[in-house]
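Colleague: show me how the following folds:
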Amino acid sequence: DSSYSFTLPNLTLSVSRFYPFKQKNRVGKEKFYEKFSLGYNTSFQNKINFKASEFNKPGFWDKFQNGMTHNFQIGLPNFTLMKYINVTPSVSYGMNWFFRKTEKEYNPDAGKVEDIKGKAFGTFGATHNYSGSISMSTRLYGMFNFGKHRKVQAIRHVVTPSVSASFSPEKGTYFNGWRTLTYIDKNGKAQTQDYNIYAGNVGSYPSKGKTASLNLSLGNNFEAKVRDLKDTTGTGTKKIKLIDNLNFTTGYNFLAEQFKMSNVGMTMNTSIFGKLGISGNMNFDPYAMEVQEKRVVRVNKFAITQGQGLLRLNTATLSLSYSLSGDGKINGNDGTKQAGGNPADHYTRIYYHPITGEYIPGGYLYYMNPNVPWSLNFNYSFRYSCNYQYANADMAKVNNYTQTLGVSGNIKLTQALSMQLTTNFDLMAMQMSATQLSATYDLHCFNINVSWIPNGKWESWSFRIQANAAALADILKFKKSSSYWDNGF
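Modeller: As a prediction, the model looks like this:
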């Protein structure tokens with residue numbers, strides 16, 4: 001029994017952002033209210049999934065799922081407070097229209113809650129989603145001077161603090177389609193179930209919950225001013241980046257019933273000599289872990305009050321990367337150095353075999369000066385995580401570590417043919433983890449792609465020919481492949 005899926009119609013309408021209060025012929029400075037902007041977009045979807053045997057049968061037209069979404073872009077003017085603090089307010093509002101509702105009722109004979117679906121376009125309802133926020137940020141500069149005659153003359157520290165407050169009221173209301181079903185189950189106990197009458201339609205409805213949160217961010221940047229040893233005057237200097245970004249983040253939700261404080265995050269990235277990239281992050285939990293009913297659970301108590309330190313380290317990652325690349329040029333004149341050179345001068349056609357002297361019908365091309373650009377990347381990654389288990393009537397902490405060393409390379413043998421190799425080595429298991437060899441060949445109108453994973457859990461291969469034009473890519477294609485599912489894992 002064949003299955004079909006149709007989406008018709010699918011309508012989209014948008015209004016570009018405009019400034020209703022901006023004056024066309026303004027005199028003097030721009031007023032703050034002239035920065036106020038509005039934008040709008042809406043979409044209507046109507047789709048159906050059915051089997052051939054269900055076509056035009058009773059209830060067929062009720063299988064349609066539809067909905068309409070409205071999004072309003074409201075731009076509020078930014079402003080500066082006390083000359084140094086940048087303030088950015090924002091509000092958001094969206095609305096969804098639904099044309100079908102689904103109620104719930106308890107069936108005492110079956111002993112379960114059942115859905116009572118309405119007919120397509122049998123009702124009209126709307127839900128609303130709205131929130132507001134305001135953020136403030138500035139920059140602080142600090143300088144540590146060590147003297148002009150030192151190799152390291154100064155270190156500059158730039159601090160970027162940012163504070164944002166957001167508010168989203170409770171939207172899990174009757175107005176937004178939320179209902180509560182109260183019933184007596186088969187065991188004679190009173191039960192309640194919350195549901196939304198617009199569930200199952202196209203488009204989403206607002207979830208329950210409200211927030212009033214304050215988020216904090218502290219960014220740091222470090223640069224050094226050092227003596228330039230290549231300068232013959234002895235007075236030249238240059239800047240060196242020490243840490244591109246060192247950022248700390250956290251937050252606090254004043255309306256949350258528990259776990260009001262967010263995790264503390266730390267991220268860092270920098271580069272050494274523009275070649276070696278270093279990045280890392282750490283995530284800390286301010287709340288404690290506790291044993292309850294032979295299970296280890298996270299509790300609404302600060303870790304420091306339970307003797308677990310100021311913050312608990314959850315995860316930590318570190319990655320290093322180093323890249324090499326080259327143009328792969330060969331010295332010589334391939335015709336491009338000549339004024340008004342013709343692309344046909346970049347190669348010549350050979351009609352006789354260079355060794356046997358045998359005549360070659362049609363000949364073959366010999367590129368005068370082929371370029372073979374290449375790139376090679378080495379990377380190392382480390383990850384730490386922990387979890388807690390109940391063992392021997394106590395809480396046990398289990399530390400998990402992974403380390404991977406990877407190499408990837410790319411070489412373009414001709415203008416049309418390129419090859420890629422990616423391989424990884426698991427330093428914890430001391431074995432190769434994943435290796436993939438792939439090649440692409442551009443036939444101008446078509447593209448050939450070959451991929452091979454020779455070993456391991458994901459061992460497989462694929463061969464694909466596909467049209468380059470996006471409009472024909474899904475129609476004019478051929479693919480043959482094996483799957484790692486065939487390996488018996």
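Colleague: now for residue 143: which residues touch it?
Modeller: 154, 155, 156, 157 (Cβ atoms under 8 Å, 6 or more residues apart in numbering). The way it works is simple: take the backbone N, C-alpha and C, and place the C-beta from them, glycine included.
Colleague: then residue 220?
Modeller: If you count contacts by Cβ under 8 Å, 6+ apart, residue 220 has them with 157, 158, 159, 160, 243, 245, 246, 247.
Colleague: tell me which residues touch the fifth one, please.
Modeller: For residue 243, the contacting residues are 220, 221, 222, 268, 270, taking Cβ under 8 Å, 6+ apart as the criterion.
Colleague: in CSV: those, plus secondary structure and pLDDT.
Modeller: Below are the contacts of residue 243 laid out as CSV (DSSP: H, G, I helix; E, B strand; the rest coil; pLDDT from 0 to 100):
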residue, secondary structure, pLDDT
220, strand, 96
221, strand, 95
222, strand, 94
268, strand, 95
270, strand, 92
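Colleague: closest one of those to residue 312?
Modeller: residue 268 (19.7 Å; Cβ to Cβ).
Colleague: do you know how far the residue nearest to residue 245 when sequence neighbours are not counted is from residue 313?
Modeller: If the residues on either side of it in the chain are set aside, residue 245 comes closest to residue 269, at 5.5 Å by Cβ to Cβ, 6 or more residues apart in numbering. Distance of residue 269 to residue 313, computed by Cβ to Cβ, to the nearest Å: 19 Å.
Colleague: ditto for residue 417
Modeller: 48 Å.
Colleague: re the thing from before, got a list of contacts for the helix or strand where the residue nearest to residue 245 lies?
Modeller: Using DSSP states H and E, residue 269 maps to strand 264-272. Identification of contacts with strand 264-272 by Cβ under 8 Å, 6+ apart yields 241-250, 277-286, 311.
Colleague: buried ones from those, can you make that a ChimeraX selection?
Modeller: Under the burial definition 16 or more other Cβ atoms under 10 Å, those of the contacts of strand 264-272 that qualify are selected in ChimeraX by:
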select :244,246,247,248,249,250,277,279,280,282,283,284,285,286,311
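Colleague: what stretches of the stretch 301-450 of the chain score poorly on pLDDT?
Modeller: Where the stretch 301-450 of the chain drops to pLDDT under 70, the residues are 329-355, 360, 362-370.
Colleague: ok, residue 314 touching residue 384?
Modeller: No. Residue 314 lies out of contact with residue 384 (Cβ atoms under 8 Å); the separation is 9.2 Å.
Colleague: mind listing what the closest residue to residue 130 other than its chain neighbours touches?
Modeller: Once flanking residues are discounted, residue 130 sits nearest to residue 93: 4.7 Å by Cβ to Cβ, 6+ apart. Applying Cβ under 8 Å, 6+ apart to residue 93 gives the contacts 72, 74, 128, 129, 130.
Colleague: give me the distance from the helix or strand encompassing the first one to the chain's centre.
Modeller: Taking DSSP H and E as the definition, one finds residue 72 inside strand 65-75. When distances are taken as Cα atoms, centre = their mean, to the nearest Å, strand 65-75 is centred 23 Å away from the chain's centroid.
Colleague: need the contacts of residue 243 in CSV (columns: distance to residue 146).
Modeller: Listed next are the contacts of residue 243 as CSV, based on distance: Cβ to Cβ, whole Å:
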residue, distance to residue 146
220, 20
221, 19
222, 14
268, 24
270, 21
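Colleague: how close does residue 234 sit to residue 200?
Modeller: 77 Å.
Colleague: give me the more crowded residue out of the two.
Modeller: Neighbours per residue, other Cβ atoms under 10 Å: of residue 234 and residue 200, the larger number sits with residue 200, 13 against 9.
Colleague: low-confidence stretches in the stretch 151-300 of the chain?
Modeller: For the stretch 151-300 of the chain (pLDDT under 70), the answer is none.
Colleague: ok, back up a step: out of the contacts of residue 143, which are buried?
Modeller: 154, 155, 156.
Colleague: the last one bridge partners, please.
Modeller: Listed by DSSP bridges, the beta-bridge partners for residue 156 are residue 143, residue 223.
Colleague: hmm, residue 222 and it touching each other?
Modeller: Yes. Counting by Cβ under 8 Å, residue 156 does reach residue 222; the two are 7.3 Å apart.
Colleague: if we can go back for a sec, note down every partner strand of the strand holding residue 72 and its orientation.
Modeller: So strand 65-75, judged by DSSP bridges, has these partners: strand 37-51 (antiparallel), strand 85-98 (antiparallel).
Colleague: from the centre of this protein, point out the most distant residue.
Modeller: Computed with Cα atoms, centre = their mean, the maximum C-alpha offset from the centroid of the chain is found at residue 357, amounting to 58.9 Å.
Colleague: tell me the SS of that one?
Modeller: Recorded secondary structure, residue 357: coil (DSSP: H, G, I helix; E, B strand; the rest coil).
Colleague: and the closest residue to residue 225 other than its chain neighbours, what element?
Modeller: Among residues not flanking residue 225 along the chain, residue 154 sits closest, at 4.4 Å (Cβ to Cβ, 6+ apart). Element membership for residue 154 (DSSP H and E) is strand 152-168.
Colleague: helix or strand right after that strand?
Modeller: Counting by DSSP H and E, the element after strand 152-168 in chain order, helix or strand, is strand 178-184.
Colleague: pull out the buried residues from that following strand.
Modeller: Within strand 178-184, the residues that count as buried by 16+ other Cβ under 10 Å are residue 178.
Colleague: same deal with stretch 210-223?
Modeller: 213, 215, 217, 219, 220, 221, 222, 223.
Colleague: what distance do you get for the fifth one to residue 442?
Modeller: What it means is residue 220. Residue 220 is 46 Å from residue 442, by Cβ to Cβ.
Colleague: run a quick neighbour tally on residue 177.
Modeller: 22.
Colleague: give me phi/psi at it?
Modeller: phi 90, psi 10 (degrees, to the nearest 10).
Colleague: then residue 61?
Modeller: Torsion angles, degrees, to the nearest 10, at residue 61: phi -70, psi -20.
Colleague: where does the nearest residue to it once chain neighbours are set aside sit: helix, strand or coil?
Modeller: Distance criterion Cβ to Cβ, 6+ apart; nearest residue to residue 61, sequence neighbours excluded, is residue 120 at 6.0 Å. Under the three-state scheme (three-state DSSP), residue 120 adopts coil.
Colleague: which ones are touching residue 120?
Modeller: 61, 62, 63, 64, 66, 99, 100.
Colleague: filter these to the buried ones?
Modeller: Using 16+ other Cβ under 10 Å as the burial test, the contacts of residue 120 include 64, 66, 99, 100 as buried.
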